[in-house]
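have a look at this prediction, sequence included:
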Amino acid sequence: MSKQAVVGILAHVDAGKTTLAEAMLFNAGRIRKRGRVDDGDSHLDTNTIERERGITIFSSQAVLDHDDTHVMLVDAPGHVDFSAEAERTLRALDYAILVVGANDGVQGHTETLWRLLARYDIPTFIYINKIDLENPGRDVLLAQLGQRLSEGCLNANELLAGGAVQEDAAALDEAALEEFLEAGELSVATLSRMVAERKLFPCFAGMALKDQGVDELLDGICALMREQAWLPEFAARVYRVSCGERGERLAWVKVTGGVLRAKQVVEGCSGASTWEQKIDQVRIYNGEKYELAQEVAAGGICAVTGLAHVRPGDALGAESAGDAPVIAPVLTYTVLPGEHDVHTVFKALTELADEDPMLGVSWNTHLEQIHLQLMGAVQLEVVRRVLADRFGLAVEFEPGGILYKETISQPVEGVGHFEPLRHYAEVHLRLEPLPAGSGVQFGTVTSTDELDLNWQRLALTNAMERDHLGVLTGSPITDVRITLTGGRAHAKHTEGGDFRQATY
């Protein structure tokens, strides 16, 4: 194979994402029989709950070869309750296929996925599925994609055949326009560059269940993909953590530099802490089956055993820490442990939260209750099933409530002064509102003549290390920038903890 790429398939629920993945694997000769989501025998939905419900809950992978391209296919969850799993999967992708149902068109969750693909800068192809069902027509659907997603959403078959739509593509890029005016058409190399730069989003159409348009999609994406350049030094990113059949901890990683080898000792970074452990097995998964590998080169994905401390989002080797996820839990539930010891239930939930950081588990000391934060009722049912199947715990939950966040509408300044006997610290902070979705940001404009850099860093570190609650409902604040504008320390009486008190 002269090219390889990790390609993720994403969609809103019921758009036919897993059906398309099955058709691609079948057409490439990787499976002998196409599974059906409705029949509970799809190649990629291997979990019992997935097969019962007919939805993808956990991302899974398979490999296929087409033309000169080795494709590592990742099927990501489509249900909104598992958006966090889909977002984590994006960290592993080189390209994405966004599936849109012709009968449904662009949905709200489609737009959410589109914004995530833009945030992580992932080149994207679009497959309009179920084109045989009642729909407004291909031209209307393409126009809708152009209006709601990007004007770069253009008919892929016409683009590759040198059709009139190439002129629309040329208008999206200055160099492409010059080429079109000189040659009268755009080369495949130019089209693939524009795809890689997220200026062009080729749109295919068909009916995955009846094998319509699948070969054209495979031909098109393989023709328009570009081989990535990778770092020579070992680097990798963990995009998922799960539990294997024998209870072993599996870390699913994308190798972004060098080579990952079995029995290799790797350095990992989880937040501010670092660790070092040895990889045991390296597994290449195809659905629920896997083969052992001695090594995986940069650009590949695999699952490894032996990393006990690893969490989703962790950086390995020379990989840099990534941005914090956008998607966060929206509902909170109180756990009713029933006849089980509450601490045993808490320990089990903490283990699940270690595999899924977006599953928030907290202990209310005053009420002696476990609170669970997650995305919705379907995810809650999955947690209930996993607790029963893996840990033998039958628990119930009180009705859920919304997890609110607060922000501010105007800038405000505050001063924290801490001066008991033989202690001294003073901190000046400015809080400013930010656009929605910005989270909490930190910075300093304080001169080192006023406050030494080490004290400034300490104040900001203390500000970052916990959630800050608003004054309206006591909910965590968001979309706020916290800036250190000044401060004071005493040459003799200031200690590190003094700045924690002054900052809080």
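Received, thanks.

what about residue 319, which SS state?
Recorded secondary structure, residue 319: coil (DSSP: H, G, I helix; E, B strand; the rest coil).

from what I see, it and residue 254 are in contact.
No. Using C-beta atoms under 8 Å, residue 319 is not in contact with residue 254, being 9.1 Å away. Just so you know, the C-beta spots here come from the backbone N, C-alpha and C atoms, and that holds for glycine as well.

residue contacts, residue 501?
Going by C-beta atoms under 8 Å, 6 or more residues apart in numbering, residue 501 touches 416, 418, 425.

let me know the closest of those residues to residue 71.
Closest approach between the contacts of residue 501 and residue 71, by C-beta to C-beta: residue 416, at 55.0 Å.

picking up where we left off before, quick check: neighbours shared by residue 319 and residue 254?
Joint contacts of residue 319 and residue 254 (C-beta under 8 Å, 6+ apart) are 236, 237.

with neighbour numbers in mind, choose between those two.
Using other C-beta atoms under 10 Å, the more surrounded residue of residue 319 and residue 254 is residue 254, with 27 against 23.

just among the contacts of residue 501, which is most surrounded?
residue 425 (27 neighbours).

tell me which of the contacts of residue 501 is nearest to residue 148?
Sorting these by distance to residue 148 puts residue 416 at the head of the list, at 46.3 Å, by C-beta to C-beta.

quick one: the closest one is in a helix?
No. Checked against three-state DSSP, residue 416 lies outside a helix; its state is strand.

ok, it - contacts?
Contacts of residue 416 by C-beta under 8 Å, 6+ apart are 425, 426, 427, 429, 501, 502, 503, 504.

quick check, the fifth one in a helix?
To tie it back to what came earlier, the one meant is residue 501. Yes. Assessed with three-state DSSP, residue 501 lies in a helix.

now stretch 171-183: buried residues?
Buried positions in stretch 171-183, judged by neighbour count with 16 or more other C-beta atoms under 10 Å: 172, 173, 176, 179, 180.

any chance you could map the helices in this protein?
Under the criterion DSSP state H, the chain contains helices at 17-27, 48-53, 83-90, 108-119, 138-148, 156-161, 165-170, 174-183, 188-196, 214-224, 342-355, 377-391, 453-464, 496-503.

can you give the distance of the longest one from its chain's centre?
Put plainly, it is helix 377-391. Remark: helix 377-391 is offset 22 Å from the chain centroid, using C-alpha atoms, centre = their mean, to the nearest Å.

for that helix, packing partners?
Here helix 377-391 touches helix 48-53, helix 342-355, strand 369-374, going by 3 or more C-beta pairs under 8 Å, 6 or more residues apart in numbering; DSSP states H and E.

kindly reformat the ones you listed as TSV containing mean neighbour count.
Shown next, in TSV, are those (neighbours: other C-beta atoms under 10 Å):
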stretch	mean neighbour count
helix 48-53	15
helix 342-355	17
strand 369-374	20
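
so where is this structure shaky, pLDDT-wise?
Low-confidence segments of the chain (pLDDT under 70): 1, 35-51, 53-58, 271-272.

how does it divide up, domain by domain?
Per automatic domain parsing, the structural domains of the chain span 3-224, 235-317, 331-402, 412-503.

first vs last residue of the first one, how far apart are they?
What it means is domain 3-224. Length of domain 3-224, first residue to last, C-alpha to C-alpha, to the nearest Å: 11 Å.

mind checking how far it is from the chain centre?
Centroid separation for domain 3-224 versus its chain: 17 Å, with C-alpha atoms, centre = their mean.

ditto for the third one
Computed by C-alpha atoms, centre = their mean, the separation of domain 331-402 from the middle of its chain amounts to 22 Å.

how long is it end to end?
End-to-end distance for domain 331-402, by C-alpha to C-alpha: 5 Å.

make 840 the first number, not 1, from now on.
Got it, first residue is 840 now, which makes that one domain 1170-1241.

go ahead and confirm residue 1095 touches residue 1077.
No. Under the criterion of C-beta under 8 Å, residue 1095 makes no contact with residue 1077, lying 11.2 Å away.

ok, and the closest non-adjacent residue to residue 1103?
Among residues not flanking residue 1103 along the chain, residue 1118 sits closest, at 5.1 Å (C-beta to C-beta, 6 or more residues apart in numbering).

enumerate every residue touching the one you found.
Taking C-beta under 8 Å, 6+ apart, one finds 1099, 1100, 1101, 1102, 1103, 1104, 1105, 1143, 1144, 1145, 1146 in contact with residue 1118.

just the buried residues of these.
Buried members of these, scored by 16+ other C-beta under 10 Å, are 1099, 1101, 1103, 1105, 1143, 1144, 1145, 1146.

just to revisit the earlier point, okay, the domains of the chain in a markdown table with distance to residue 1162 next?
Formatted as a markdown table, the domains of the chain follow (distance: least, C-beta to C-beta, whole Å):
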| stretch | distance to residue 1162 |
| --- | --- |
| domain 842-1063 | 8 |
| domain 1074-1156 | 9 |
| domain 1170-1241 | 14 |
| domain 1251-1342 | 9 |
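
any idea how far residue 936 is from residue 1086?
34 Å (C-beta to C-beta, to the nearest Å).

could you do residue 1337 as well?
Shown here: residue 1337 relative to residue 1086, a distance of 47 Å by C-beta to C-beta.

which one of those two has more residues nearby?
residue 1337 (23 against 7).

and the residue of the chain most remote from its centre, its phi and psi?
In terms of distance from the mean C-alpha position of the chain, residue 1260 ranks first, at 49.1 Å (C-alpha atoms, centre = their mean). Backbone dihedrals for residue 1260, given as degrees, to the nearest 10, come out at phi -60, psi 130.

tell me the spacing between it and residue 1337.
Using C-beta to C-beta, we find residue 1260 at a distance of 12 Å from residue 1337.

sorry, back to before: can you redo the helices of the chain as JSON lines with distance to residue 1124?
Listed next are these as JSON lines, based on distance: least, C-beta to C-beta, whole Å:
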{"stretch": "helix 856-866", "distance to residue 1124": "13"}
{"stretch": "helix 887-892", "distance to residue 1124": "15"}
{"stretch": "helix 922-929", "distance to residue 1124": "14"}
{"stretch": "helix 947-958", "distance to residue 1124": "23"}
{"stretch": "helix 977-987", "distance to residue 1124": "32"}
{"stretch": "helix 995-1000", "distance to residue 1124": "29"}
{"stretch": "helix 1004-1009", "distance to residue 1124": "37"}
{"stretch": "helix 1013-1022", "distance to residue 1124": "39"}
{"stretch": "helix 1027-1035", "distance to residue 1124": "27"}
{"stretch": "helix 1053-1063", "distance to residue 1124": "21"}
{"stretch": "helix 1181-1194", "distance to residue 1124": "16"}
{"stretch": "helix 1216-1230", "distance to residue 1124": "20"}
{"stretch": "helix 1292-1303", "distance to residue 1124": "37"}
{"stretch": "helix 1335-1342", "distance to residue 1124": "45"}
